[in-house]
Each structure stands twice: as C-alpha cells, then as structure tokens.
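Visitor: Show me how the following folds:
(one chain, ligands or ions: 1)
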Amino acid sequence: MIYKFFSSKKFILFSALIIILMVFVFQNNSFQKNFSQSLILNSLKGYESKKSVNCDIYFTLKDKETAEFTDIIVSTYLPHLKDDFNIKPNKPIIIIYPNKKEMKKAVNESKEAPMGAYCAGIIHILSPKSYLEDNVYKYYLKNGPVLHELVHYFIDEKTKGKYYVWFSEGAALYYEYKYLGCEWHKELNEKTKNITLDNLKKNFYSIDKTDAYRKSFEIIKSEMDGKYPDFICDLCKKYIKHSIINF
Ligand SMILES: [Zn+2]
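Guide: As a prediction, the model looks like this:
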C-alpha cells in the first residue's frame, strides 16, 4: 500500500511541485526580499511614515525633520543614479532609527551602531540627532549615509542580488566621491597594493575594514575613470557573482 503510494503518479507530481517551489523560493531574490521587508515593517512599533514620490520613509516623531531632509537627499540623487545605472527601480524603503540601540538591533550588529546600512532591500539610517548636537542637518546633507546606502540599493536591483560585498562597497564609496566630493581614506592611496581582487572576493570581512573599503574604492575608481557615466552597468556585468556560495 505504502509502496504503491510512493510510486504513484500523484506522489511524483506532488514531489516535483514541492521541489520547484523550493527552488523558486531559494533562488527568487525579490520573493525573499519582499517577505523580509514585510516582516521588518510589521515589526516597527510607534513609527510614522512619509510616502513621497521618491521613497517611503519610516521614522519616529523626533525624526520628522530628518525624514524631510532624507527625502530631499533622495530626490537629489535618485535621478542621477537612475541614469548611471540605467534602471528605474521601485521606490526605496528607508527606516530612520531614533537611537544606536534600535539601529544595532535592526541590522544585527553587536559592536558599534553604523550610521547607515543596507539589508533585506531596506535602507536603514541612524538618526543624525543621536550622534550630532550642532549643525545636524548641514552635516547630514553633506556627509550623511543616505547616498551611500542608495547606491547599495541600486547595485542590488541592477544585479538582482548577485553582487560581491567588495563591489557594492567600492561603488558606494565611488559615488560619494563623485557626487559629494569625499574620498575614503585618501592617505591610504597605493598602500593597499598587497590586497588582491581575489582577497576582496573571498575574505572581505577578514581584511582590515578601512583597507578593504579603500582597495574596493580604488578598483571601481580606476575602472570608471575616463569612461562614460553608465559604464557602471558594464562593471555590474563584469563583477557579477555567479555562485551563491562565494561571498
Ligand atoms: Zn556600505
């Protein structure tokens, strides 16, 4: 009886459907992303939202102004990035956390709270009010993490999630250099010669963070120098991650 069931057409068909469904869920980046996003957004308690033509921003009441400035930053750089990457992605989702504790929890960071992070298709921003007392928005507009995290969003969308961390970080730093005029640890110029592309691909998190970011920036900058702005699209193809095992 049992043997009959396991060898029946119904069982074979059912198993095949389950396997196809599992492969779809495992490989479908946007399915996973949408699922994670709804879990994260549903877990936000006491947050307001601002839905503009550029982005959806979630924030607590103390960051109403931060949300306004964030929208200004996004509206400034979104058109440039759309041209550079030659895509029109959905509106980015941004969450502004009121303090370091909430930020660390959200991005699963045990040490220091980052100013910004990109994960699960969402841009996570630490309120500049939590680390600045004076000239908060002057600093935020010029040095804030929003542009950097937006570039991560574009790389993710362009490569459909198949990107190396070094590539995404290098590109984010390159666009900060291009649009904000800030260069990541310029004093390290040429001092990262011993780091190879293979090191960056395989051991990004084992290399000193400052050096790994600098080398990634240098590679993207040297590739982009003298090229047309949307050459980044060619780089997305050149450095795409073919395997889901290598990081
Ligand atoms: Zn980054």
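
Visitor: Quick one: list the elements packing against the longest helix along the chain.
Guide: When the chain is parsed with DSSP state H, its longest helix is helix 64-85. Helix 64-85 is packed against strand 48-51, strand 56-59, strand 93-97, helix 136-143, helix 146-159, helix 165-180, helix 231-238, with contacts defined by 3 or more Cβ pairs under 8 Å, 6 or more residues apart in numbering; DSSP states H and E. Where C-beta positions appear, they are placed from N, C-alpha and C, glycine not excepted.

Visitor: Extract the C-alpha set from it and format it as CSV.
Guide: The C-alpha atoms that make up helix 64-85 are tabulated as CSV, following Å, rounded to 0.1, in the frame of the first residue of the first chain:
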residue,chain,number,x,y,z
LYS,A,64,10.1,64.2,11.4
GLU,A,65,12.7,66.8,10.2
THR,A,66,15.3,64.0,9.5
ALA,A,67,12.6,62.4,7.3
GLU,A,68,12.1,65.7,5.4
PHE,A,69,15.9,66.0,4.8
THR,A,70,16.2,62.4,3.8
ASP,A,71,13.5,62.9,1.2
ILE,A,72,15.5,65.9,-0.2
ILE,A,73,18.7,63.9,-0.4
VAL,A,74,16.9,61.0,-2.2
SER,A,75,15.2,63.4,-4.6
THR,A,76,18.6,65.0,-5.4
TYR,A,77,20.5,61.8,-6.2
LEU,A,78,17.8,59.4,-7.4
PRO,A,79,17.6,60.9,-11.0
HIS,A,80,21.5,60.7,-11.3
LEU,A,81,21.6,57.1,-10.1
LYS,A,82,18.7,56.1,-12.4
ASP,A,83,20.7,57.5,-15.3
ASP,A,84,24.0,56.0,-14.1
PHE,A,85,22.6,52.5,-13.6
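
Visitor: Figure out how far that helix is from the centre of its chain.
Guide: Relative to the centre of its chain, helix 64-85 is centred 15 Å away, using Cα atoms, centre = their mean, to the nearest Å.

Visitor: Near the ion, which residues of this structure? Just list them.
Guide: 169, 172 (Cβ under 5 Å from the ion).

Visitor: 6 Å instead?
Guide: Neighbours of the ion within the chain, by Cβ under 6 Å from the ion: 148, 152, 169, 172.

Visitor: how about stretch 34-43: buried residues?
Guide: I40 (16 or more other Cβ atoms under 10 Å).

Visitor: so for it, what's the average pLDDT?
Guide: Averaged over stretch 34-43, pLDDT sits at 91.

Visitor: Any chance you could list what contacts that stretch?
Guide: Stretch 34-43 is contacted from outside by 58, 93, 95, 106, 120-122, using Cβ atoms under 8 Å, 6 or more residues apart in numbering.

Visitor: same check, this time on stretch 224-232
Guide: For stretch 224-232, the surrounding residues in contact (Cβ under 8 Å, 6+ apart) are 83-86, 171, 174, 223, 235.

Visitor: Buried only: go through the residues you listed for me.
Guide: 84-85, 171, 174, 223, 235.

Visitor: for the contacts of stretch 34-43, which one is nearest the ion?
Guide: Closest to the ion out of the contacts of stretch 34-43 is I122 (13.7 Å), distances taken as Cβ to the ion.

Visitor: ok now do that closest one, which residues does it touch?
Guide: Counting by Cβ under 8 Å, 6+ apart, I122 makes contact with 37, 40, 93-95.

Visitor: Just the pLDDT at it, thanks.
Guide: 97.

Visitor: Next, it: phi, psi?
Guide: Dihedral angles of I122 (phi, psi; degrees, to the nearest 10) stand at phi -120, psi 140.

Visitor: what does I125 give?
Guide: Here is the backbone geometry of I125 (degrees, to the nearest 10): phi -130, psi 130.

Visitor: I'd guessed it sits against I94; true?
Guide: Yes - contact between I125 and I94 holds when scored by Cβ atoms under 8 Å: they sit 6.1 Å apart.

Visitor: No more questions from me, cheers.
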